[in-house]
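A.B. asks: need a 3D model of the following:
(chains A and B)
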Amino acid sequence: MSDEELVISYKKDPKYFAALVERYIPKLTRYIKRRSAATSDDVEDLLQNIFIKVYRNINEYDTSLLFSSWIYRITHNEMIDWYRREKRRSTLSLDDEAQDIIAKLITEEDLTTRFSNQEQKQYIIDTLNTLDEKYKEILLLRFFEEKTYEEIADILKIPAGTVAVRINRAKKQLQKTLINHGTHQ
Amino acid sequence: MEHISNTTEKILSVIEHQHITPRPKWYFVVRNSILWIPGVITTILGAYTIAGLLYGVLHAPEPDHFLLIAAIPLLWVASFFIFSIISTSLLRHTHTGYRHTTVQLLLVSIASSIIIGILFYAITQDTDDNNVRTLYRYPTQHQREYFGKSPLHNILPERNSPLLRIN
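C.D. replies: Numbers count the residues shown, from 1 in each chain, chains lettered A, B, ... in the order given. Prediction:
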């Protein structure tokens, strides 16, 4: 059963909500952890707030949109509120799995020869964290969550053209910082 | 569901204990409609601006270079742009408004204003009811009177400029 079918079924029978929650807990937990240095308790609180918002606003969901885009949008907004409440700046905290994605990112940017070992990959994560918030967010969604431009546009509520421009600028900013670092090595 | 995790159980239990219920569909329909109101006002303001402009240009007894400037109902144009800024930012919060750029939204608003403005002007020209036309006539007439009284009128070729003579 697709997410969208599950939502339609849930509107008729609330027991399907548990299935939606079960399906999205692992994905959203990974996303929240990558986006922040939140503790397990923080993650649980955030998940609770997110799913309560989903439950409360389920009638707002428009089936022309992917359900995953809608729930990621709610998560994105909840994270922003959380940073404000906690007076924190977002910090990417990438897991082992993300190391492979970094390898892919630096290959795409032709930086493989300069950044191949573990220590240098950590430097890339640190550099990602120095990027502007909007660039950090968009790179995370594109390369780590593997969302399409249209999905990112729906999550961040910006035009698809703006997504392309931001990704391009984010990659340039990242590449510039990494190359500067490489030449100083 | 055969098995649900602890986190899911907690979430479901909070929903149950706090008696949380989904907001009704009409709540979102009303909210979405409210966000469109400034957009509609912007288009109406723009339409009146166009109708006023047409009136100013087409009802001058003699052509004049200064005519075009005096014919533009500046107050209405300013209101149109202020409302455009407000409405484009609010339209971002509608279901699909964010998919378009600010320039696209502005162009649609301006194009609709021009079409509605021309139609409005054309329709009201045939009516005998002056009250219908007063709304878009007034800013242009008032503005011309202002220009006539201000030192700017000295740059006009004659003291009794055609700009001041309105049908």
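A.B. asks: what's the model's confidence in the helix or strand hosting residue B:28, averaged?
C.D. replies: Assessed by DSSP states H and E, residue B:28 sits inside helix B:25-58. Mean pLDDT, computed over helix B:25-58, is 85.
A.B. asks: can you spell out which helices and strands pack onto that helix?
C.D. replies: Where contact means 3 or more Cβ pairs under 8 Å, 6 or more residues apart in numbering or on different chains; DSSP states H and E, helix B:25-58 is packed against helix B:65-71, helix B:74-91, helix B:102-125, helix B:130-149. C-betas here are computed from N, CA, C, even on glycine.
A.B. asks: what does chain B have sitting close to chain A?
C.D. replies: Within reach of chain A by Cβ under 8 Å from any Cβ of the partner chain, chain B has these residues: B:1, B:4-5, B:7-8, B:10-12, B:14-15, B:20-25, B:27-28, B:92-93, B:95, B:98-101.
A.B. asks: so where's chain B uncertain?
C.D. replies: By pLDDT under 70, the weakly predicted segments of chain B are B:1-3, B:59-73, B:126-167.
A.B. asks: from residue A:38, how far out is the spatially most central residue of chain A?
C.D. replies: Chain A has residue A:141 as the residue nearest its centroid, 4.1 Å off, counting by Cα atoms, centre = their mean. Counting by Cβ to Cβ, to the nearest Å, the separation of residue A:141 from residue A:38 is 18 Å.
A.B. asks: flag the shaky bits of chain A, pLDDT-wise.
C.D. replies: For chain A, the stretches with pLDDT under 70 are A:93-121, A:181-185.
A.B. asks: what residues does it have near chain B?
C.D. replies: A:15, A:17-19, A:21-22, A:25, A:44, A:47-48, A:51-52, A:55-60, A:62, A:153, A:157-162.
A.B. asks: count of residues packed around the residue of chain B found nearest chain A?
C.D. replies: Nearest residue of chain B to chain A: residue B:98, at 3.9 Å (Cβ to the nearest Cβ). Counted by other Cβ atoms under 10 Å in any protein chain shown, the residues lying close to residue B:98 total 17.
A.B. asks: phi and psi next, for the residue nearest to it when sequence neighbours are not counted.
C.D. replies: Nearest residue to residue B:98, sequence neighbours excluded (Cβ to Cβ, 6 or more residues apart in numbering or on different chains): residue A:157, at 3.9 Å. Per-residue torsions, residue A:157: phi 60, psi 50 (degrees, to the nearest 10).
A.B. asks: wait, doesn't residue A:157 sit right on residue A:72?
C.D. replies: No: contact status for residue A:157 versus residue A:72: not in contact, 11.3 Å apart, counting by Cβ atoms under 8 Å.
A.B. asks: which one's more surrounded, those two?
C.D. replies: More neighbours surround residue A:72 than the other of residue A:157 and residue A:72, with 24 against 16 (other Cβ under 10 Å).
A.B. asks: tell me the contacts of that one?
C.D. replies: A:28, A:31, A:141, A:145, A:147, A:151, A:155 (Cβ atoms under 8 Å, 6 or more residues apart in numbering or on different chains).
A.B. asks: let's go with 6 Å and repeat that
C.D. replies: Contacts here follow Cβ atoms under 6 Å, 6 or more residues apart in numbering or on different chains; on that basis residue A:72 touches residue A:155.
A.B. asks: tell me which element it falls in.
C.D. replies: Assigned by DSSP H and E, residue A:72 belongs to helix A:67-86.
A.B. asks: how far does that helix sit from the chain's center?
C.D. replies: Mean C-alpha position of helix A:67-86 versus that of the full chain (Cα atoms, centre = their mean, to the nearest Å) differs by 10 Å.
A.B. asks: now stretch A:161-170
C.D. replies: Worked out by Cα atoms, centre = their mean, stretch A:161-170 lies 15 Å from the chain centre.
A.B. asks: please list the outside residues in contact with that stretch.
C.D. replies: A:135, A:138-139, A:142, A:149, A:152-153.
A.B. asks: flag every buried residue along it.
C.D. replies: A:162-163, A:166-167, A:170 (16 or more other Cβ atoms under 10 Å in any protein chain shown).
A.B. asks: tell me how chain A divides into domains.
C.D. replies: Chain A breaks down by automatic domain parsing into domains covering A:3-86, A:96-183.
A.B. asks: make JSON lines from the ones you listed and add distance to residue B:77 to it.
C.D. replies: Formatted as JSON lines, the domains of chain A follow (distance: least, Cβ to Cβ, whole Å):
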{"stretch": "domain A:3-86", "distance to residue B:77": "36"}
{"stretch": "domain A:96-183", "distance to residue B:77": "27"}
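A.B. asks: contacts only, for the residue nearest to the centre of chain A.
C.D. replies: Contacts here follow Cβ under 6 Å, 6+ apart; on that basis residue A:141 touches A:147, A:152.
A.B. asks: smallest gap between chain A and chain B, at which residue?
C.D. replies: Using Cβ to the nearest Cβ, the single residue of chain A nearest to chain B is residue A:157, 3.9 Å away.
A.B. asks: gap between that residue and residue A:25?
C.D. replies: Residue A:157 sits 24 Å away from residue A:25, taking Cβ to Cβ as the criterion.
A.B. asks: again with residue B:96
C.D. replies: 29 Å.
A.B. asks: those two: who's more crowded?
C.D. replies: Comparing residue B:96 with residue A:25 by other Cβ under 10 Å, the one with more neighbours is residue A:25, at 20 against 12.
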